[in-house]
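J.: Below are the sequence and a predicted model; questions follow.
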Amino acid sequence: MKVLVLISGGIDSPVAAYLMIQKGFKVEYVHFDNQPFTDEVPREKAIQLAKHLKQFGGGNTFYIIHHGLTQTEILKSLERKYTCIFCRRFMYRIGERLAEFIGAEALVTGENLGQVASQTLHNLRAESEAIRIPIIRPLIGFDKQEIVDLAKKIGTYEISIIRSLCCTVTPRYPETRAILDKIKREEGKLEINDIIDLRLKEMESLDI
């Protein structure tokens, strides 16, 4: 069975990909490039990580979405404290459309419950509601040290900790208890399908 891994360049998502590979899933990758709200380093790390995972049976196809353009639309129109939630919902929607196109049955993320503001139970529920296909979170119950230890074991840790510019759109006081009705009302200010269509039209595809 094929799954689509949302790979960021950080510590968690390549470990999640590895666990899925070990379970016998075929994985392909999509990276949401957040430039100009970060630098080019996360993109390059994500590509290196996907190449590294090939030794374990990882896939050969790597998709890049120009997500910074979506972030610009979010920042112009929507309430600031929900930025991380809107970001995730767009990533999931675009990932779902791409998964359907390539024949993947689910999305895979490196999310871990409570590790950052966007990953509270309330927020995960609000984010997941945006799509229909399953989101598999292999690390949901791991603590950070367990993830770090596994990253070191499989050789992804040193790539993941290469310094890069942190995302500059993260709000100072992010919402941690999202109310779904409020999220949907806010998103109604955007032409969601038009944004998704444009990101997919601009998408890059690499053989790794």
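T.: Thanks, I have the structure now.

J.: and residue 202, what is it in contact with?
T.: Counting by CB atoms under 8 Å, 6 or more residues apart in numbering, residue 202 touches 65, 66, 69. Every C-beta, even on glycine, is put in place using the N, C-alpha and C of the backbone.

J.: Residue 97 now?
T.: Listed by CB under 8 Å, 6+ apart, the contact set of residue 97 reads 196, 200.

J.: Let's see if you can find the most crowded of the contacts of residue 202.
T.: residue 65 (24 neighbours; other CB atoms under 10 Å).

J.: Thought residue 90 was touching that one, still the case?
T.: No - applying CB atoms under 8 Å as the test, residue 65 and residue 90 come out as separate, 9.3 Å apart.

J.: is it true that residue 150 lies in a strand?
T.: No - counting by DSSP: H, G, I helix; E, B strand; the rest coil, one finds residue 150 to be helix, located in no strand.

J.: Quick check: it vs residue 206, distance?
T.: Using CB to CB, to the nearest Å, residue 150 is found at 26 Å from residue 206.

J.: These two - which one has more neighbours?
T.: residue 150 (20 against 13).

J.: returning to what we had before: using TSV, lay out the contacts of residue 202 together with secondary structure, pLDDT and distance to residue 178.
T.: Formatted as TSV, the contacts of residue 202 follow (DSSP: H, G, I helix; E, B strand; the rest coil; pLDDT from 0 to 100; distance: CB to CB, whole Å):
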residue	secondary structure	pLDDT	distance to residue 178
65	strand	98	23
66	strand	98	25
69	helix	96	23
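
J.: for the closest residue to residue 122 other than its chain neighbours, helix, strand, or coil?
T.: Closest residue in space to residue 122, ignoring its immediate chain neighbours: residue 177 at 4.4 Å, by CB to CB, 6 or more residues apart in numbering. Under three-state DSSP, the three-state class of residue 177 is coil.
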